[in-house]
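S.K.: no letters, just coordinates:
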Ligand SMILES: [Zn+2]
């Protein structure tokens, strides 16, 4: 009987603990709703995904997120040095030749602008009405478009390719959202493209690959919590205590 009583007491305690845990969890959202990232973008996501087809193993998947990814960290002094050591776009893995659509109404600004990188072919579209420009990189071929030409959201504007130009290396679309008219700042597409990014991150090769600063281990660890980057700015992820360790 004594054992039963103590068991009942323990259960009661456990329930009380669980209940209090629920109560204490219920309070924080008041502050969470005013997170700086959300204020920064005003909650507006004016762009759509760059593919007409839904994601899947035969179409496209999230390859690498924007931001402080492990891959960008390891290559911060080489590939990503001109964008502060972070991956300054989002990579969407797709077979070569996948049709890419304009993610908003815009005007073709540049075709095959090598200074912007993301070869072998790229396309830059300005969106003055939104205050942004978008870059579609690693394209299969030179897009058949002329600067000054208007494009509509959802219109096919290019075909996806491969940075190695082989189509079996690592075929993907590298997509950037920059400021307009400067085109020097790069922003996190997750906060600007209307899509279910949390579900997209569940499959594909990205998983949860953000580099960790063990001196501030929660910094830049989420899809929607990544810093903007400016061309030519100082590297921002030279962590003294990184994880995984630097090569
Ligand atoms: Zn990329």
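M.R.: Done, it's in. Predicted model only: the values in this text are computed from it and were never measured. Numbering: from 1, shown residues only.
S.K.: which SSE is residue 143 in?
M.R.: Assessed by DSSP states H and E, residue 143 sits outside every helix and strand.
S.K.: residues contacting it?
M.R.: Listed by Cβ atoms under 8 Å, 6 or more residues apart in numbering, the contact set of residue 143 reads 111, 121, 123, 136, 157, 158. Glycine gets a C-beta too; all of them are placed from N, C-alpha and C.
S.K.: could you check the pLDDT of it?
M.R.: Looking at residue 143, its pLDDT is 98.
S.K.: tell me the spacing between it and residue 193.
M.R.: In this view, residue 143 and residue 193 are 20 Å apart by Cβ to Cβ, to the nearest Å.
S.K.: likewise residue 140?
M.R.: Going from residue 140 to residue 193 by Cβ to Cβ gives 22 Å.
S.K.: you'd agree residue 151 is up against residue 107?
M.R.: Yes - contact status for residue 151 versus residue 107: in contact at 7.4 Å, counting by Cβ atoms under 8 Å.
S.K.: closest to the ion among the contacts of residue 143?
M.R.: For these, the residue nearest the ion by Cβ to the ion is residue 136; the value is 11.1 Å.
S.K.: do you know the pLDDT at the closest one?
M.R.: For residue 136, the predicted pLDDT is 98.
S.K.: beta-bridge partners for the residue nearest to it when sequence neighbours are not counted, please?
M.R.: Of all residues not flanking residue 136 in the chain, residue 123 sits nearest, at 4.6 Å (Cβ to Cβ, 6 or more residues apart in numbering). Bridge pairing for residue 123 (DSSP bridges) gives the partners residue 111, residue 136.
S.K.: show me what from this structure comes close to the ion.
M.R.: Residues of the chain lying close to the ion by Cβ under 5 Å from the ion are 89, 91, 174.
S.K.: phi and psi next, for the second one.
M.R.: Backbone torsions of residue 91, given as degrees, to the nearest 10, read phi -100, psi 130.
S.K.: could you do residue 198 as well?
M.R.: Dihedral angles (degrees, to the nearest 10) for residue 198: phi -60, psi -40.
S.K.: ok, and the closest non-adjacent residue to it?
M.R.: Closest to residue 198 by Cβ to Cβ, 6+ apart is residue 223, at 7.0 Å.
S.K.: can you pull the contacts of the one you found?
M.R.: Counting by Cβ under 8 Å, 6+ apart, residue 223 has contacts 65, 190, 197, 198, 201.
S.K.: and of the residues you listed, the nearest to the ion?
M.R.: The ion lies nearest to residue 65 out of these, by Cβ to the ion, at 9.7 Å.
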